[in-house]
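[1] build me a model from this:
(2 chains)
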Amino acid sequence: MKRRTLLAGAAMALGLAAGAAVAQDDKTKVGFIYVGPVGDGGWTYEHDKARQAVEAEYGDKVETVYQESVPEGADAERAITQMALQGADLIFTTSFGFMDPTINVAKKFPDVKFEHATGYKTADNVSVYSARFYEGRAIQGHIAGNMTESNIIGYIGSYPIPEVIRGINSAFIHARKVNPDVQFKIVWAYTWFDPAKEADAARTLIEQGADVILQHTDSTAPLAAAEAAGDVIGFGQASDMAEYKDGPRVSSIIDDWAPYYIERVGAVMDGTWETSNRWDGIGAGMVGIGEITDRVPEDVKAEALAMKEAIAAGEYHPFTGPLNKQDGSQWLAEGEVASDETLLGMNFYVEGIEGDIPE
Amino acid sequence: MIRLEKRPQPSRVWRLATPLLAVLATMIAGGLLFAVLGKNPVEAIRTIFWDPLFGEFAFYYRPQLLVKGAPLVLIAIGLSLGFRAGIWNIGAEGQYIIGALTGAGVGLAFYPLDAWFVFPLMVIAGALGGWAWAMIPAVLKVRFGTNEILVSLMLVYVAEQLLASMSLGLLRNPEGMGFPGSRNLNDYAAGSSWINQNAGLHWGVAAALIAVIFAYVLLNRHMLGYHIRLTGEAPRAARFAGVRPARLILFCLGTSGALAGLAGLFEVSGPSGQVSIDFNVGYGFTAIIVAFLGRLHPVGILLAGALMALTYIGGEIAQGNLGLPAAAIQVFQGMLLFFLLAFDLLTDYRVRVTRSEVA
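    Numbering: from 1, shown residues only, chains lettered A, B, ... in the order given. You can find the predicted model right below:
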């Protein structure tokens, strides 16, 4: 216990020293911890774009640093500590698996602010933020249900956590709505970024008859696999993945973190930063829908865009009753809308999805 | 024509000097690589090798070297016994996972009981778990003559599936809001392997040092150690000397499995804290490099483990501070093994350039 206080003391002294340094050159130092490489073309790529937007917005007043491909687990704690030691004022940790490490480091550096993406643990100096990706999934499901001819839609899941299960449910509900025969085949890759594994998963699904591939992993490998297979379509995940526009990609879900990052960095600069829990969707611009290509019939495209408008305006919620859980029990009554609390901890499939969530 | 010719009497001096030369050559070649990437090579090398030990934040990084090095040394010591006798356990990563699962399982079963015997029981369970997982390739080899390289390697993937299943099912934190991963053993004093967290000391560090001493005594003072060395150097002579290969296989694989299991247990109850899908980060594979880098000698392995830990920690600092890409650090670590093997080859063989003669 004594040593711990010693380190806290050292950290505090450093914080003071860093504070003094900041006072001198007046720069706010912002750190980013990435789970994949910045060139993944998906999730991490978008976070890094937002980092660059922060630099563009504040110019000389800000300095950003990042570390890529940080494994989720024990090593993450060291990477985050390192950034705090180097005098970062604000650190974004951009993957679910960084949750406990972020909380642990935040305890030791009370003067540094932390922002953790997609988690649920907050502290005085730890905020959490995420996007309502499921809103985009609803539009994706609508297009996928219309486009499939084999009535089999393949879904590459990363980890069976609520965020991913929400996406599956949302896509499934809206695919079923337009196509009662549609079925989902779900493969769990247990990774956020592993092009080889993702491509394998896509190929397996295509062999099982899927002609639409949805993915919740970060690389473009599933789209490449879809392109190689020929008559298969897919969607950009986390980023537009526009390089596949002439091929399998018919639309995309784009995460736009830039406005949020700029806002939070600004809050640290003028001392108004407070712990918060942000969950924004299409309406606030955190989730974007990439251009829907000509492969999608005009009427389907129009319906999809109308749904996007309705969600953005708050007129339509993708989880609106009547909806049953997989076991047939009632979840939402007619017209009832799911609460954020249920959504945040979602650990069940809706009625019609086959298979079990891995245990 | 270039030919390799075996040297009749490899130089002892060279044999000892090659690891140092390999490190030097890696620094030079790595420096060139960093220069090509547009970074100051001297600064990069200094950051990797100097900063963790004597830099501004060495008070934090020195303990981290212990945390990173301990599992490498512990596993590598076990592997080296088998490698010396020509028994190739490539699946230490799997034994590491199983040791963590059985050890953490015992700890979680007792949660929240605060008793002195919980941690010792976890240690025993961890060692037994790793031992049992290694017994599969051992028994198959003894009974049916299967190849232990293949069996042990394949069992890594089985172990990873088990790990995912445990994090999502049996060992999942009941208070984790539906997210995967067990309770954090760091919050459970009776089940934690930390001795002093800020000094980087956990029981795994102690166990690694004890293992080094035991291995040294075993190999130099004990009949069994003599048999191991003899089997590796002169298998026929070993048989005449009364070595029973089956017993040796069971001993070597079992011991390396138990040590890998222990490493897993100490990691899961210390630096990692919880069973999660991404718990394993490749210590079991890196330990193979450490074993060879250390010349399969206990003291050599200790030094090699320290060096490997240094490149990890220093590499992370270089990533964070100098913006070196993660891949460049991995190339740098790869160079180390490459140069070691290359210099080894030149120690044992001489290169002769001869003119090809037309007969």
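
[2] so what strands line up beside the host helix or strand of residue A:253?
    Here residue A:253 sits within strand A:249-255, counting by DSSP states H and E. When pairing is defined by DSSP bridges, strand A:249-255 lines up against strand A:233-238 (parallel), strand A:287-290 (antiparallel).

[3] how about residues contacting the longest one?
    Think strand A:233-238. A:42-43, A:45-46, A:140, A:143-144, A:147, A:202, A:211-218, A:222-223, A:226, A:242, A:244, A:248-255, A:290, A:295 (Cβ atoms under 8 Å, 6 or more residues apart in numbering or on different chains). Placement of C-beta: from N, CA and C, glycine included.

[4] for stretch A:287-307, same thing?
    With Cβ under 8 Å, 6+ apart, stretch A:287-307 has contacts from A:131-133, A:135-136, A:138-139, A:142-143, A:146-147, A:174, A:233, A:236, A:240-242, A:245, A:249-256, A:280-282, A:308, A:316.

[5] what's the answer for stretch B:290-303, then?
    Stretch B:290-303 has contacts (Cβ under 8 Å, 6+ apart) with B:19, B:72-73, B:75-77, B:79-80, B:83-84, B:208-209, B:212-213, B:215-216, B:219, B:304-305, B:307-308, B:336-337, B:340-341.

[6] for it, C-alpha coordinates in PDB please.
    Taking C-alpha atoms only, stretch B:290-303 is exported to PDB below (Å, rounded to 0.1, in the frame of the first residue of the first chain):
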ATOM      1  CA  VAL B 290      13.700 -16.900 -25.800                       C
ATOM      2  CA  ALA B 291      14.800 -20.600 -25.300                       C
ATOM      3  CA  PHE B 292      17.000 -20.600 -28.400                       C
ATOM      4  CA  LEU B 293      18.300 -17.100 -27.900                       C
ATOM      5  CA  GLY B 294      19.400 -18.300 -24.400                       C
ATOM      6  CA  ARG B 295      21.200 -21.200 -25.900                       C
ATOM      7  CA  LEU B 296      18.800 -23.600 -24.000                       C
ATOM      8  CA  HIS B 297      20.900 -22.800 -21.000                       C
ATOM      9  CA  PRO B 298      19.100 -21.600 -17.800                       C
ATOM     10  CA  VAL B 299      21.200 -18.500 -17.200                       C
ATOM     11  CA  GLY B 300      21.200 -17.700 -20.900                       C
ATOM     12  CA  ILE B 301      17.400 -18.000 -20.900                       C
ATOM     13  CA  LEU B 302      17.200 -15.600 -18.000                       C
ATOM     14  CA  LEU B 303      19.200 -13.000 -20.000                       C
END
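
[7] distance of residue A:164 relative to residue B:224?
    51 Å (Cβ to Cβ, to the nearest Å).

[8] tell me which of the two has more neighbours.
    More crowded of residue A:164 and residue B:224, by other Cβ atoms under 10 Å in any protein chain shown: residue A:164, with 22 against 15.

[9] can you verify the more buried one is assigned to a helix?
    Yes: under DSSP: H, G, I helix; E, B strand; the rest coil, residue A:164 sits within a helix.

[10] avg pLDDT for stretch B:9-21?
    Average pLDDT, stretch B:9-21: 82.

[11] swap that for stretch A:341-351, sorry
    Stretch A:341-351 comes out at a mean pLDDT of 91.

[12] list the buried residues for it?
    A:343, A:344, A:345, A:346, A:348, A:349, A:350, A:351 (16 or more other Cβ atoms under 10 Å in any protein chain shown).

[13] so is the first one in a helix, a strand, or just coil?
    In other words, residue A:343. Applying three-state DSSP: residue A:343 is helix.

[14] what about stretch B:230-244, distance to the chain center?
    27 Å (Cα atoms, centre = their mean, to the nearest Å).

[15] what residues does that stretch touch?
    Here stretch B:230-244 has contacts from B:83, B:84, B:85, B:86, B:227, B:245, B:248, using Cβ under 8 Å, 6+ apart.

[16] do the same with stretch B:17-27
    B:45, B:49, B:293, B:295, B:300, B:304, B:307, B:332, B:335-336, B:339-340, B:342-344, B:347.

[17] before we move on, what about stretch A:188-198?
    A:35-37, A:40, A:42-44, A:95, A:156-160, A:201, A:215, A:217-222, A:225, A:358, B:160, B:164, B:277.

[18] of the buried residues of stretch A:341-351, which are in range of chain B?
    Among those, proximity to chain B is found for A:344, A:345, A:346 (Cβ under 8 Å from any Cβ of the partner chain).

[19] can you say which of the strands paired with strand A:249-255 is packed in most?
    strand A:233-238 (a mean of 28; mean count of other Cβ atoms under 10 Å in any protein chain shown).

[20] count of neighbours near the closest residue to chain A within the stretch 1-150 of chain B?
    Of all residues in the stretch 1-150 of chain B, the one sitting closest to chain A is residue B:57 (4.8 Å; Cβ to the nearest Cβ). Residue B:57: 17 surrounding residues under other Cβ under 10 Å.

[21] can you list the low-confidence ranges for chain B?
    B:356-359 (pLDDT under 70).

[22] pretty sure residue B:350 sits in a strand.
    Yes: when classified by three-state DSSP, residue B:350 is found to be part of a strand.

[23] so how many other residues sit close to it?
    Count around residue B:350 with other Cβ under 10 Å applied: 13.
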